[in-house]
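S.K.: Sequence first, predicted coordinates after that:
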Amino acid sequence: MNPAILPVVNLVSGFIDKFVTNKDEAEKIKSSIALEAMKSDSEELKAATSIIIAEASGESWLQRNWRPMLMLWFAGLVGAHWLGFTPSGLGEETVIKLLDIVQIGIGGYVLGRSGEKMMKAYRGGAK
């Protein structure tokens, strides 16, 4: 579930517990709210996936490769900082943010590749 929605779901669950006296009915309401939140997350993920698939299958070399190029650029900036080649305008806070972006990007790549391999195995395709 989207971490931004979680506090709202918890708040609504608290209100339900407070105002719905029948515990079974309260649990049904809370379950339906959680289910709707998960459906919303699923639809958002599907939309993001379709955008990435469209970019990856695009005709333009730049359209297919801008994300990996950007990640390499960020990783290069972090590496340059560690080697002492930091530009004067690149502060420690910015370097930490760049490292966070690189870590998320690498995590997404690893998870994406793992998922791709699992789907190929599931469908009986080649490795």
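M.R.: Looks like it arrived, so ask away. Everything quoted here is computed from the prediction, not taken from an experiment.
S.K.: Which helix or which strand is home to residue 106?
M.R.: Secondary structure assigned from DSSP states H and E places residue 106 in helix 92-123.
S.K.: I meant to write residue 54 there.
M.R.: Here residue 54, judged by DSSP H and E, is contained in helix 23-56.
S.K.: how about that helix: buried residues?
M.R.: 26, 29, 30, 34, 37 (16 or more other C-beta atoms under 10 Å). No exception for glycine: its C-beta is placed from N, CA and C like everyone else's.
S.K.: Make CSV out of the residues you listed and add distance to residue 98 and pLDDT.
M.R.: Formatted as CSV, those follow (distance: C-beta to C-beta, whole Å; pLDDT from 0 to 100):
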residue, distance to residue 98, pLDDT
26, 46, 85
29, 44, 87
30, 40, 84
34, 35, 80
37, 32, 77
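S.K.: What is the nearest of those residues to residue 50?
M.R.: residue 37 (20.9 Å; C-beta to C-beta).
S.K.: in this structure, which residue is closest to the centre?
M.R.: Nearest to the mean C-alpha position of the chain, by C-alpha atoms, centre = their mean, lies residue 108 at 7.3 Å.
S.K.: Low-confidence stretches in the protein?
M.R.: 1-5, 110, 112-113, 115-116, 125-127 (pLDDT under 70).
S.K.: Now residue 67: phi and psi?
M.R.: According to degrees, to the nearest 10, the main-chain angles of residue 67 amount to phi -70, psi -50.
S.K.: Verify the stated contact: it with residue 58.
M.R.: No: the criterion here is C-beta atoms under 8 Å, and residue 67 misses it with residue 58 at 11.7 Å.
S.K.: Go ahead and produce PDB holding the CA coordinates of stretch 83-91.
M.R.: As requested, the backbone C-alpha atoms of stretch 83-91 are provided in PDB (Å, rounded to 0.1, in the frame of the first residue of the first chain):
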ATOM      1  CA  LEU A  83      37.200  10.400  -5.300                       C
ATOM      2  CA  GLY A  84      37.500  14.000  -4.300                       C
ATOM      3  CA  PHE A  85      36.400  15.600  -7.600                       C
ATOM      4  CA  THR A  86      33.400  17.400  -6.200                       C
ATOM      5  CA  PRO A  87      32.300  20.600  -7.900                       C
ATOM      6  CA  SER A  88      32.100  23.500  -5.600                       C
ATOM      7  CA  GLY A  89      28.300  23.800  -6.000                       C
ATOM      8  CA  LEU A  90      27.700  20.100  -5.100                       C
ATOM      9  CA  GLY A  91      27.200  19.900  -1.300                       C
END
